[in-house]
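*Asks:* the amino acid sequence is not available; the structure is as follows:
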């Protein structure tokens, strides 16, 4: 068997205690075959059932024993016939001994590929492990399992054990299950075996890894801690997105009788000049161009190669920092893992010492990485220590790419405290909202959390494989509905919703939900749109009179304010600046408010407009903080004080100083250039007349 091909034996428990989950197992195993037909069409698959009434395997004929184990399909190249074999699986009537099934499967692999073949040989055991295994003729069960595990390791086999533990009935023997789990754990410790417990059909879909990808290093070299200290490391990708297979173009021009036709479609591009549409441009006369404003700048490949940045391959440590300085949302792209060079004892000790020291000091390392020679860019990232809890697995580092200054995006969202008092949530609304958020916990009391990432399949991919399998049998087949098990991933869990009905009802009662009516046009816009000579009545263009209660936004919510008025300037300003139908309203509202404040100050008689002007100034200050426009307010306040000095309006300056209204500081807005001391001394420095 070739080293890059896999031989897989499915060992499936079909005993009476497994009957309720066998429909899901049939679907899961069929999905596995469908994926192998796409990604591993040369892989070999076999199926062994245990817990059956019949017995059919070679070991029974040769040495006896191994009863109730049936080889449903011998190892062979994967094909569509296996799908028919799995649909449906026979229902057994006897208790299944999973250890007998493992030995039968190992015997099949050894006879098929020999003892020295080091290809990929995998056993996949699916059982609930509720039935006891037989006592051996000599020694204990643990001794027997240890011998089998050592033989499995010596012959390069690995095993996945999936223990299906849904709703366990009263007839289940807890002592037997604990003993079986202990025996399966021996396989995990002594060989390349993996034990997974699943409680739901969704987890069963995700537990069976239907496509295994061999890891490939992206870097093999030295981690340069200092010029005199270098550690040999290998770097792998830890996570990778699984995508839908690329659809290839298919040609039906080949004769139906040609069995060797590839139906491949080749695409070729030809380039023509605009001036000479009948002649083609040969490759040696083509050159890439880059747009620079209205013109195109041609740059030859030789020039482009000359200006390319060509760093040397290597990973260099830049320094250490506190783990709290690197926030989770800084991480970019996929996660990589740094491991010491396999078999290099000195590298293993060095990585372990460094990782444990960083963990103890709560530090992370900043490194500069160039994965390969000739790479056109440099990656700066962070190494986070990963301390292993198993003796046979060395310590390592997780690596995440960090953004450069050009990659950082600041999305600052306003706080409720910056909104008017009428928009503030009450204590009751805040409490029911907190309860509403907490109800989204996917773990019901006393149960395992649903939709665990490691055990949740992608329903889009699963549906694609199912559709492809149906199309292969019937090209005119309709798109199948989503599997009921996978539908639970995309829809809300009824049990979870019923458990949190009280929180939902309280949330509904705390907030009054209204349909958003169609906003009316302002009077100015209606007058502008009204054609000349129209006979329409003038009252249709009038603005409705606002309510006397200014604490409600009923009037402003029904029409779009386009100008700060004289009656309620603060409310008009807040309505304008909260509009999001166009980006112009923020600047327009601020400019309107500035002009209104100037008018109030200049037209004041004995200070009668000063309180209203300061009220507008307070609203402008709060809005400039909210919209991250501190410079506009600071420049305006400085100019306003200068204006008062020139116009001999010292009384307004004194009134402004009594209200302790000052510049916006850096602590209030990140974009401000004003310090706390400068803000405190601003009114003092502006000597009133």
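*Replies:* That came through, no problem. Being a predicted model, the structure only gives us computed values, none of them experimental. Residues are numbered from 1 along each chain as shown.
*Asks:* now stretch 473-482: buried residues?
*Replies:* Residues of stretch 473-482 classed as buried by neighbour count (16 or more other Cβ atoms under 10 Å): residue 482. Glycine gets a C-beta too; all of them are placed from N, C-alpha and C.
*Asks:* need the contact partners of that stretch.
*Replies:* Stretch 473-482 is contacted by residues 80, 459, 463, 466, 467, 470, 471, 490 when judged by Cβ atoms under 8 Å, 6 or more residues apart in numbering.
*Asks:* will you turn those residues into a markdown table that also has distance to residue 194 and neighbour count?
*Replies:* Formatted as a markdown table, the contacts of stretch 473-482 follow (distance: Cβ to Cβ, whole Å; neighbours: other Cβ atoms under 10 Å):
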| residue | distance to residue 194 | neighbour count |
| --- | --- | --- |
| 80 | 29 | 12 |
| 459 | 24 | 18 |
| 463 | 27 | 16 |
| 466 | 26 | 20 |
| 467 | 30 | 15 |
| 470 | 32 | 15 |
| 471 | 33 | 13 |
| 490 | 28 | 9 |
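*Asks:* now, those that are in helices?
*Replies:* By the criterion of DSSP state H, membership of these in helices covers 459, 463, 466, 467, 470, 471, 490.
*Asks:* from these, pick the one nearest residue 18.
*Replies:* When these are compared for distance to residue 18 (Cβ to Cβ), residue 466 wins out at 23.1 Å.
*Asks:* can you tell me the element the residue nearest to that closest one when sequence neighbours are not counted falls in?
*Replies:* The spatially closest residue to residue 466, leaving aside those adjacent along the chain, is residue 480, at 5.7 Å (Cβ to Cβ, 6 or more residues apart in numbering). Using DSSP states H and E, residue 480 is not contained in any helix or strand.
*Asks:* tell me who's in contact with residue 15.
*Replies:* Per Cβ under 8 Å, 6+ apart, neighbours of residue 15: 50, 51, 92, 93, 94, 95, 96, 131.
*Asks:* just residue 369 next, same as before
*Replies:* Residue 369 makes contact with 219, 315, 378, 379, 380, 381, 399, according to Cβ under 8 Å, 6+ apart.
*Asks:* how about the fifth one, phi and psi?
*Replies:* Main-chain dihedrals, residue 380, degrees, to the nearest 10: phi -110, psi 130.
*Asks:* separation between the residue nearest to residue 466 and residue 33?
*Replies:* To residue 33, residue 480 is 16 Å away according to Cβ to Cβ, to the nearest Å.
*Asks:* do the same with residue 436
*Replies:* 44 Å.
*Asks:* more neighbours, those two?
*Replies:* residue 33 (24 against 16; other Cβ atoms under 10 Å).
*Asks:* pretty sure the more buried one is touching residue 78, no?
*Replies:* Yes. Between residue 33 and residue 78 there is a contact under Cβ atoms under 8 Å: 6.2 Å.
*Asks:* joint contacts of those two?
*Replies:* The overlap between the contact sets of residue 33 and residue 78 (Cβ under 8 Å, 6+ apart) consists of residue 45.
*Asks:* which parts of the stretch 201-350 of the chain are strands?
*Replies:* 217-226, 229-237, 289-292, 295-298, 314-322, 332-340 (DSSP state E, counting those that start in this stretch).
*Asks:* orientation of the first one relative to strand 332-340 in degrees?
*Replies:* What separates the directions of strand 217-226 and strand 332-340 is an angle of 70 degrees, with axes from the mean of the first three to the mean of the last three Cα atoms, to 10 degrees.
*Asks:* buried residues in strand 217-226?
*Replies:* Applying 16+ other Cβ under 10 Å to strand 217-226 flags 219, 221, 222, 223, 224, 225 as buried.
*Asks:* domain map for this protein?
*Replies:* Per automatic domain parsing, the domain ranges recorded for the chain read 8-207, 215-411, 412-449+493-513, 522-686.
*Asks:* highest average neighbour count across those?
*Replies:* Most buried of the domains of the chain by mean neighbour count (mean count of other Cβ atoms under 10 Å) is domain 8-207; its value is a mean of 18.
*Asks:* now it: average pLDDT?
*Replies:* When pLDDT is averaged over domain 8-207, the result is 86.
*Asks:* present the domains of the chain as JSON lines; the columns should include distance to residue 484.
*Replies:* JSON lines is the format used below for these (distance: least, Cβ to Cβ, whole Å):
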{"stretch": "domain 8-207", "distance to residue 484": "9"}
{"stretch": "domain 215-411", "distance to residue 484": "22"}
{"stretch": "domain 412-449+493-513", "distance to residue 484": "13"}
{"stretch": "domain 522-686", "distance to residue 484": "42"}
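*Asks:* which stretch among these comes nearest residue 455?
*Replies:* domain 8-207 (3.8 Å).
*Asks:* shaky segments in this protein?
*Replies:* Within the chain, the stretches with pLDDT under 70 are 1-4, 115-119, 166-172, 210-212, 516-560, 580, 648, 650, 683-689.
*Asks:* which residue of it sits farthest from its center?
*Replies:* residue 606 (63.0 Å; Cα atoms, centre = their mean).
*Asks:* roughly how far does it sit from residue 127?
*Replies:* Residue 606 sits at a distance of 93 Å from residue 127 (criterion: Cβ to Cβ).
*Asks:* equivalent analysis for residue 297, please.
*Replies:* Separation of residue 297 from residue 127 (Cβ to Cβ): 67 Å.
*Asks:* ok, now residue 254?
*Replies:* Applying Cβ to Cβ to residue 254 and residue 127 gives a distance of 48 Å.
*Asks:* now residue 476
*Replies:* For residue 476, the distance to residue 127 equals 40 Å [Cβ to Cβ].
*Asks:* what does residue 182 give?
*Replies:* In this view, residue 182 and residue 127 are 15 Å apart by Cβ to Cβ.
*Asks:* repeat that for residue 357.
*Replies:* Note on residue 357: its distance to residue 127, by Cβ to Cβ, is 44 Å.
*Asks:* next one: residue 226
*Replies:* 53 Å.
*Asks:* just residue 307 next, same as before
*Replies:* The spacing between residue 307 and residue 127, counted by Cβ to Cβ, is 63 Å.
*Asks:* go on, residue 456?
*Replies:* Distance, residue 456 to residue 127, by Cβ to Cβ: 22 Å.
*Asks:* can you check residue 278 too?
*Replies:* To residue 127, residue 278 is 72 Å away according to Cβ to Cβ.
*Asks:* same check on residue 105?
*Replies:* Distance from residue 105 to residue 127, counting by Cβ to Cβ: 13 Å.
*Asks:* list residues touching both of these two?
*Replies:* Listed contacts common to residue 105 and residue 127 are residue 11; contacts here mean Cβ under 8 Å, 6+ apart.
*Asks:* quick check, residue 636 in contact with residue 594.
*Replies:* Yes. The pair residue 636 / residue 594 is scored as a contact, 5.5 Å apart, by Cβ under 8 Å.
*Asks:* anything in contact with each of the two?
*Replies:* Taking Cβ under 8 Å, 6+ apart as the contact rule, residue 636 and residue 594 both touch residue 620.
*Asks:* just give me how far stretch 578-590 sits from the chain centre.
*Replies:* Offset of stretch 578-590 from its chain centre (Cα atoms, centre = their mean, to the nearest Å): 34 Å.
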